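1. Just the structure for this:
(one chain, ligands or ions: 1)
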Amino acid sequence: MTEKQAVMVTGGAGYIGSHVVRQLGEAGERVVVLDNLSTGFRESVLHGELIIGDTGDQALVSDVLQKHNVGAVMHFAAHTIVPESVSNPLKYYKNNTCCSRNLLECCTQAGVEHVIFSSTAAVYGIPQGAKANEDTPTAPINAYGTSKLMTEWMLRDLSLATNLRHVALRYFNVAGSDPECRIGQSTKKATLLIKVACEAAVGKREKLCIFGTDYPTPDGTGIRDYIHVEDLASAHLAALDYLRRGGDSTTLNCGYGHGYSVREVLDAVQRVNGQALNIIEEPRRAGDPPELVAAIERIQQTLDWTPRHDDLDFIVKTSLAWERTLLEKARG
Ligand code: UD1
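-> A predicted model of the protein is given here:
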């Protein structure tokens with residue numbers, strides 16, 4: 001009997017990748033993780049084999065694809081800090097664009113059939129309406145968004161020229177963690193709202209700031225579509241299933257289709273934690289759109305995907321539990 005084809009997960013030791021790896025393991029998939037551990041953690045890989053290396057290393061990538069009989073690649077490995085992408089764009093084009101190009105070349109040479117790519121709502125920049133659908137013109141306003149969009153374009157062009165089919169998933173605001181608290185978001189210098197608020201809630205930060213209270217939204221603060229990482233992870237498995245059943249290449253928003261304001265998020269953190277936070281109101285942060293929410297009709301029509309955690313309190317609860325776990329680990 002021929003060996004079952006493996007799924008290669010780049011960046012599988014990172015926040016989102018590690019949740020996907022765990023779910024792939026639970027689904028009985030053979031998994032090989034390629035991660036250079038620049039921001040990921042060895043102990044976050046709960047399933048499959050971890051190979052420490054870079055997606056830019058063509059010899060290594062080709063070797064892994066061939067040795068493990070890889071049929072599908074899920075590509076998470078990337079730099080993801082937006083302000084850093086503004087100050088050091090070439091770092092982002094190198095890792096997120098050039099290394100993706102390298103990976104895709106290896107994939108086409110090795111005959112990999114399916115690629116699932118971590119894209120981002122940052123490709124939309126500041127859209128005209130509050131809801132962005134996949135046909136909304138892309139207009140990224142930072143190198144992070146552009147570097148990801150360029151990979152979407154490479155995939156699109158490869159779909160026309162080769163047998164490689166892909167799903168590009170445009171993530172909205174990802175938060176939460178494994179409800180069993182085995183893995184979570186461990187980013188050192190967090191800037192994302194729910195992570196920062198949970199750090200403040202467990203006492204790792206003295207205060208947190210609301211960036212902008214004068215937006216044209218009901219309470220004046222920014223609105224985003226927060227999706228639980230477990231639901232985002234299950235969308236990847238649904239995308240894999242879709243491609244294996246012969247689905248065409250496509251690009252799909254990943255969100256719940258409704259949003260919460262910064263104040264609503266902070267209220268949830270205070271409610272779940274049972275304690276008031278020290279909240280400071282600050283001016284708007286450059287480049288933040290007032291409202292960014294996913295139109296989700298296409299993902300609903302395309303994938304067999306049912307989100308299970310569309311519940312802000314649950315997102316916050318699991319984020320808080322993980323923050324406490326990190327604190328205990330740090331205390332030894
Ligand atoms: C971030 C990325 C975006 C990416 C998205 C999903 C930035 C600038 N943008 O979105 O490109 O597509 O994640 O991965 O990193 N806020 C505060 N106080 C804080 C932090 C945030 O008020 O301490 C507010 C922001 O102004 C915004 C909302 O909370 O209105 C969410 O911000 P954040 O969690 O940083 O994510 P985004 O910027 O929406």
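
2. which element is C209 on?
-> Using DSSP states H and E, C209 falls within strand 208-211.

3. Contacts for that strand next, please.
-> With contacts defined as C-beta atoms under 8 Å, 6 or more residues apart in numbering, strand 208-211 is touched by 196-197, 200, 221-222, 262-263, 266, 277-285, 288. C-beta: built from backbone N, CA, C; applies to glycine.

4. can it be found next to the ligand?
-> Yes. Interface with the ligand: strand 208-211 contributes L208, C209, I210, F211 (C-beta under 6 Å from any ligand atom).

5. need the contact list for the one residue in the chain that gets nearest to the ligand.
-> Taking C-beta to the nearest ligand atom, the ligand has its nearest neighbour within the chain at G222, 2.4 Å off. With contact taken as C-beta under 8 Å, 6+ apart, G222 is in contact with F211, G212, Y215, S261, V262, D288, P289, P290, E291.

6. related to what we said a few turns ago, could you single out the nearest of the residues of strand 208-211 next to the ligand to G176?
-> Closest approach between the residues of strand 208-211 next to the ligand and G176, by C-beta to C-beta: L208, at 18.0 Å.

7. sec struct for the closest residue to that closest one other than its chain neighbours, please.
-> Leaving out its chain neighbours, the residue that sits closest to L208 by C-beta to C-beta, 6 or more residues apart in numbering is A200, at 4.6 Å. Look at A200: counting by DSSP: H, G, I helix; E, B strand; the rest coil, its state is helix.

8. Settle this for me: A200 is touching I280, isn't it.
-> No. In this structure A200 lies outside contact range of I280 using C-beta atoms under 8 Å: 10.6 Å.

9. Overlap of the contact sets of these two?
-> Taking C-beta under 8 Å, 6+ apart as the contact rule, A200 and I280 both touch K207, L208.

10. Can you pick out the residue with more neighbours from the two?
-> Neighbour count, other C-beta atoms under 10 Å: between A200 and I280, A200 has more, with 22 against 10.

11. Would you mind naming what in the stretch 151-300 of the chain lies close to the ligand?
-> Listed as neighbours of the ligand in the stretch 151-300 of the chain under the rule C-beta under 6 Å from any ligand atom: 171, 173-174, 191-193, 196, 208-212, 222, 224, 262, 285, 288.

12. what about 8 Å?
-> With the criterion set to C-beta under 8 Å from any ligand atom, the stretch 151-300 of the chain comes near the ligand through 171-175, 191-197, 208-212, 215, 221-224, 262, 265, 282, 284-285, 287-289, 292.

13. Out of these, list just those in helices.
-> L193, I194, K195, V196, A197, V262, V265 (DSSP state H).

14. so which pair among those residues is furthest apart in space?
-> K195 and V262 (13.5 Å).

15. quick one, which of the two is more surrounded?
-> Per other C-beta under 10 Å, whichever of K195 and V262 has more neighbours is V262, with 25 against 20.

16. can you pull the contacts of that one?
-> Remark: with contacts taken as C-beta under 8 Å, 6+ apart, V262 is in contact with L193, I210, F211, T221, G222.

17. want to try a markdown table for those residues, with distance to C106 and pLDDT as columns?
-> Formatted as a markdown table, the contacts of V262 follow (distance: C-beta to C-beta, whole Å; pLDDT from 0 to 100):
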| residue | distance to C106 | pLDDT |
| --- | --- | --- |
| L193 | 36 | 97 |
| I210 | 45 | 98 |
| F211 | 40 | 97 |
| T221 | 44 | 98 |
| G222 | 39 | 96 |
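
18. Which one of those residues sits in the busiest neighbourhood?
-> G222 (25 neighbours).

19. Give the buried residues for stretch 324-332.
-> Residues of stretch 324-332 classed as buried: T325, L326 (neighbour count, 16 or more other C-beta atoms under 10 Å).

20. what's it in contact with?
-> By C-beta under 8 Å, 6+ apart, stretch 324-332 touches C181, G184, S186, V202, G203, K204.

21. hey, C-alpha coordinates of it in PDB?
-> Backbone C-alpha positions of stretch 324-332 (Å, rounded to 0.1, in the frame of the first residue of the first chain) are rendered in PDB as follows:
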ATOM      1  CA  ARG A 324      -2.900  33.000  32.800                       C
ATOM      2  CA  THR A 325      -1.200  29.900  31.600                       C
ATOM      3  CA  LEU A 326       1.600  32.000  30.200                       C
ATOM      4  CA  LEU A 327       2.000  33.800  33.500                       C
ATOM      5  CA  GLU A 328       2.200  30.600  35.400                       C
ATOM      6  CA  LYS A 329       4.800  29.200  33.000                       C
ATOM      7  CA  ALA A 330       6.900  32.400  33.400                       C
ATOM      8  CA  ARG A 331       6.800  32.000  37.100                       C
ATOM      9  CA  GLY A 332       8.000  28.400  36.800                       C
END
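
22. Would you mind giving me the ChimeraX syntax to select the buried ones in the contacts of strand 208-211?
-> Buried members of the contacts of strand 208-211, defined by 16+ other C-beta under 10 Å, are picked up in ChimeraX with:
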select :196,197,200,221,222,262,263,266,277,279,288
